[in-house]
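1. Build me a model:
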Amino acid sequence: MTMAHDPESPGGVEEPQAEGADALDSGDAGDPGDPGIPADPTAVFDEHRDLLFGVAYRVLGRAVDAEDVVQDAWLRWREVDHASVRDPRAYLVRVVTHLAVDRLRSAQHRRETYVGPWLPEPILTAPDIADDVALADSVSFGMLVVLETLSPLERAVFVLREAFGFSHAEIAQTLGRSEEAVRQLARRARQHVESRRPRFETDRGTQRDATERFLAAANSGDLAGLMNLLAPDVALHSDGGGVAKAALRVIEGADKVARFLTGIAQKPPPEPRAYLASVNGRLALVVTSRGEPHSVFSLDVVDGLVTTIHLQVNPDKLHGLHDIAAVGDPVGLS
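-> Model prediction:
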């Protein structure tokens, strides 16, 4: 697949230095407290861990890679002179962004030779993330697929600016770029994303109703029922990564998508169970086999009709769903 729609400007992200970290955030979010009392470095890092993972995951689209980046940031944080870091939050975001961008660049060839459509690695998210539209949208399957078409720097700028609200000046400090260069990257990324941003219904009740009807129709082989639920131009993106059975191309059109879904429903995995859960900021259907995650169905719903289906079946990308039986809402499979 194509990774970037614009050539990336020369140069990489500068290695962060502790003494310059305070320029990123002028607020008190990263203030360790009384400067006369040294803060516990572990406690400081843990305070920002969720933010760091959120940035890394949105830049990379893989939870395993994001966790590795956060761990690498922790190892660097242990070795830094903490007394010289006036704003730990700023410094840590800078380190994580640098590591994530470098990792994304190194992964470009692997992404370009990926077998079939690429979808992000799903993660369980708190149900109330849907209340923050910007955060929920930035972590959705559809948005992460769009972000794959940006250059690594554009993606980092977009994530920091649109998902987490950093200013252009703060992002410039993070990336070691001029503020004007960051503004250009942000403008280019926003225009690109806006032209491809998927539409979807944000009401959780509507999402749940459509997902339950989808499960009932697909599981019973009700072709007519599925056809009534799918938009005429519905598209199904399935990611098997060359490991699990999946369509090698996007399937388009209600008839083709409905027949594909009823076909796979006729060959369920051993001992299947189904759960509704908040996955990537949206209500999704997670199917397990013998207690292990097997597949994830995430639906984009507009005006009561399913417009896009993201189906993740690549077992290498389902590690983040192992707690589904504990947190998911069981739904019936006949």
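2. tell me which residues in the helix or strand that contains His48 are buried?
-> Assigned by DSSP states H and E, His48 belongs to helix 41-60. By 16 or more other Cβ atoms under 10 Å, the buried positions in helix 41-60 come out as 41, 44-45, 47-48, 51-60. In this view, the C-beta of every residue, glycine as well, is placed from N, C-alpha and C.
3. repeat for stretch 142-157
-> Those would be 142-157, for stretch 142-157 by 16+ other Cβ under 10 Å.
4. Make sure Arg208 is actually in contact with Leu285.
-> No - under the criterion of Cβ atoms under 8 Å, Arg208 is not in contact with Leu285, lying 10.1 Å apart.
5. so what sits against both of these two?
-> Leu276 (Cβ atoms under 8 Å, 6 or more residues apart in numbering).
6. Go through the buried residues of stretch 142-157 and name the one nearest Gly116.
-> In terms of Cβ to Cβ, no member of the buried residues of stretch 142-157 lies closer to Gly116 than Val145, at 12.9 Å.
7. Surely the closest one and Val250 touch.
-> No - contact between Val145 and Val250 fails when scored by Cβ under 8 Å: they sit 10.5 Å apart.
8. which residues are common contacts for those two?
-> Common contacts of Val145 and Val250 (Cβ under 8 Å, 6+ apart): His237.
9. Check the gap between the residue nearest the centre of the chain and Glu121 for me.
-> Nearest residue to the geometric centre of the chain (Cα atoms, centre = their mean): Val139, 3.9 Å. For Val139, the distance to Glu121 equals 11 Å [Cβ to Cβ, to the nearest Å].
10. do the same with Ala172
-> In terms of Cβ to Cβ, Ala172 sits 30 Å off from Glu121.
11. higher neighbour count, those two?
-> Using other Cβ atoms under 10 Å, the more surrounded residue of Ala172 and Glu121 is Glu121, with 24 against 21.
12. OK, contacts around the more buried one?
-> Contacts for Glu121 (Cβ under 8 Å, 6+ apart) come out as 61-64, 312, 317-320.
13. helix, strand or coil for the residue lying closest to Leu147 once chain neighbours are set aside?
-> Among residues not flanking Leu147 along the chain, Arg155 sits closest, at 5.2 Å (Cβ to Cβ, 6 or more residues apart in numbering). Here Arg155 is recorded as helix under DSSP: H, G, I helix; E, B strand; the rest coil.
14. how far out from the middle of the chain is stretch 45-60?
-> Averaging C-alpha positions (Cα atoms, centre = their mean, to the nearest Å) puts stretch 45-60 12 Å from its chain's average.
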